[in-house]
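**Student:** Here is my input, please return the structure:
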Amino acid sequence: ATSSSAMSGEIIFENKSSRNRIYKNFNIPASLGSTSIKVVIPQNGEYVVSYYIDGVSGVVQTGYVTSLGMSAYEDEAARFSFSTLLSSTQNVSLLKGITLSGTITTSEALSDSTRVAVRAVPSSVSATTFFGHNVIHKLNIPSGATSVPYTMTIPDAGFYKVSYVLREDNGTNYINEGFYSDGLTTAYKNRASYVDVNSDVTGINLALKSGISISGSVTSSLGLDTRVVVTAELDDGTIFHEDIEFINGTTQSYSINIPQEKNAGGFVVGYFLDKNSEGSIPRGFYSSAQTTASRVDATRVQASSSSVSGIDMQLLSIKPATITLLSGWNLVSLPAVSSLSIMDLYFTFGDKEDIDYLLKQDRIGESYYFVGESNEFLDRFSTLTHEEGFWIKTRAAMNLSLPIDPSSTDTTVPTVYRGWNLVGVASEITPSEIISQVSARNQNVLTIWTYDESTSPKWSAFNATDSNSSIADTNAITTIQADQGIWMKVE
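**Tutor:** Numbering: from 1, shown residues only. Alright, predicted model coming up:
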């Protein structure tokens, strides 16, 4: 990246297991196109390699090494083993692009220097909170200032949602994220407007949004060293949150800034563990009686005109139900009587980049709703129950610890319709039991199928009465486990 002046930045090696980062400064002398550096890293785990450079117009601030070159998007970064890094040279190229600029303003002067980021999310991604497919530009608002200009570089032309992002513990009453909306700023991502970035764009101004707070404490008696994310959620999928750290089990306070306006239905306040720990349940919700593992049983918090305090929770220690997922497609079901929001399920994934798709059948048994890297599930369906089968496609094998009680089982086959049905049963069951229950409703089961990515063939079947079904090259089903989804044809 030849320049008339020297360019300085950092090369970053992030260990994906420990999340520790190792930084190495680099300097590209004026009029030269490259420089060489050597980095010493621990020889364990997988690493993501990236660069960070500030103050160079036309150069993307952060770029990631991928299997095909460089990308501005973290979710496209390659993961390198230590042996791969040791045996090969990793070339890092600074990314060029289109500039997007504006001003960030505050309603009053800040007493301390405050770190803020501008985030640009391409139109292919409908949610901005959880996936790494966005461009981030970091800067500081100086102490005593009420505005600061920014100029970020976007790698590709297209339409983008633009927002500011503050650290959760920013020490102000400003909401953590605000979105550009036709010249204004909104706290709600579903009200954001897209910015057309086909050439250099100016005037994309953002104003930090003041708010009120929901506060309380989270208590742990589990002796955990972990990060806990406390959330305040609206039914439209909008989530406000704050991170807190637990060291050897303590009580930690939290305060989440939310918009000062009426929100129908109120907020569902809860938490999820950043890393699942043995003996703990990864997701819990505030209830006026006691912390609950069920979002349905949560007590809604009404906060529209003034701050609300005393919303206290305790990390739950019941043994969670689990689902084992293989890399690839998995046909599964909730293994106990339960109802989970999509966000509850999503938060159980340790690495959010490892989920590609989630799909289920709709209630009339005719069509499917897809979820993928575009994170569109909030617009499609909001809950899963133990009566539904669903598909999950992942990039890596994993165990999901679900916030449901595994002892709550039921062998009742759910209502089925003529044709194909994607269902689940909250207990181990045999094909004969399924046929018996469905027959009692004056319906006939023709074929029952299950799927296992690890077997050959991957499909297993039980042919009840369907003489037209060709299933000669499948495994025969004897028992269906509680966490298996069932693909069933009925007449």
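
**Student:** Okay, now the unreliable bits of the stretch 151-300 of the chain?
**Tutor:** For the stretch 151-300 of the chain, the stretches with pLDDT under 70 are 168-170, 222-224, 248-249, 274-281.

**Student:** Roughly how far does T411 sit from P431?
**Tutor:** Separation of T411 from P431 (Cβ to Cβ, to the nearest Å): 13 Å. Glycine gets a C-beta too; all of them are placed from N, C-alpha and C.

**Student:** what do you get for V116?
**Tutor:** The gap separating V116 from P431 is 58 Å, by Cβ to Cβ.

**Student:** And F390, by the same measure?
**Tutor:** Using Cβ to Cβ, F390 is found at 20 Å from P431.

**Student:** for S210, same thing?
**Tutor:** Per Cβ to Cβ, S210 is found 60 Å from P431.

**Student:** swap in R227?
**Tutor:** Counting by Cβ to Cβ, the gap from R227 to P431 is 44 Å.

**Student:** Name the residue in the two with the higher neighbour count.
**Tutor:** The neighbour comparison of R227 against P431 (other Cβ atoms under 10 Å) goes to P431, with 22 against 14.

**Student:** hang on, that one packs against A464?
**Tutor:** Yes - counting by Cβ atoms under 8 Å, P431 touches A464, with 7.3 Å between them.

**Student:** and for those two, which residues touch both?
**Tutor:** In terms of Cβ atoms under 8 Å, 6 or more residues apart in numbering, P431 and A464 are both contacted by the residues I448.

**Student:** quick one, strands of the stretch 151-300 of the chain?
**Tutor:** Here the stretch 151-300 of the chain has its strands, by DSSP state E, counting those that start in this stretch, at 158-166, 177-181, 184-186, 194-197, 206-207, 211-219, 226-233, 239-246, 251-259, 268-273, 283-285.

**Student:** Highest mean neighbour count out of those strands?
**Tutor:** The highest mean neighbour count among these, using mean count of other Cβ atoms under 10 Å, belongs to strand 283-285: a mean of 26.

**Student:** Could you give the separation of that one from the chain centroid?
**Tutor:** Here the centre of strand 283-285 is set off from its chain's centre by 16 Å, with Cα atoms, centre = their mean, to the nearest Å.

**Student:** Quick check: next helix or strand after that strand?
**Tutor:** strand 313-314 (DSSP states H and E).

**Student:** That next one pairs with which strands, parallel or anti?
**Tutor:** If you go by DSSP bridges, strand 313-314 pairs up with strand 211-219 (parallel).

**Student:** How about the secondary structure of the closest residue to D410 other than its chain neighbours?
**Tutor:** The shortest distance from D410 to any non-neighbouring residue, by Cβ to Cβ, 6 or more residues apart in numbering, is to A426 (4.5 Å). Assigned state for A426: coil (three-state reduction, DSSP: H, G, I helix; E, B strand; the rest coil).

**Student:** Could you check how many residues crowd around A426?
**Tutor:** By the criterion of other Cβ under 10 Å, A426 has 25 neighbours.

**Student:** Report the separation between it and V337.
**Tutor:** As for A426, its distance to V337 is 5 Å (criterion: Cβ to Cβ).

**Student:** So for those two, which residues contact both of them?
**Tutor:** Common neighbours of A426 and V337 (Cβ under 8 Å, 6+ apart) are H386, S408, T409, D410.

**Student:** Of the residues you listed, grab the buried ones for PyMOL.
**Tutor:** Command for PyMOL, covering only those of the shared contacts of A426 and V337 found buried under the criterion 16 or more other Cβ atoms under 10 Å:
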select buried, resi 386+409
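
**Student:** I323 is in contact with I404, correct?
**Tutor:** No - I404 lies out of contact with I323 (Cβ under 8 Å); the separation is 10.3 Å.

**Student:** Compare these two and say which is more crowded by neighbours.
**Tutor:** I404 (25 against 20).

**Student:** Show the average pLDDT along stretch 83-93.
**Tutor:** For stretch 83-93, mean pLDDT rounds to 86.

**Student:** Buried residues of that stretch, list them for me.
**Tutor:** So stretch 83-93, judged by 16+ other Cβ under 10 Å, has buried residues L85, V92.

**Student:** and S436, that's in a helix?
**Tutor:** Yes - checked against three-state DSSP, S436 lies within a helix.

**Student:** give the contact list for it.
**Tutor:** With contact set as Cβ under 8 Å, 6+ apart, S436 has no partners.

**Student:** go on, Y164?
**Tutor:** Counting by Cβ under 8 Å, 6+ apart, Y164 makes contact with I104, V116, A117, V118, R119, E177, G178, T185, L206, L208.
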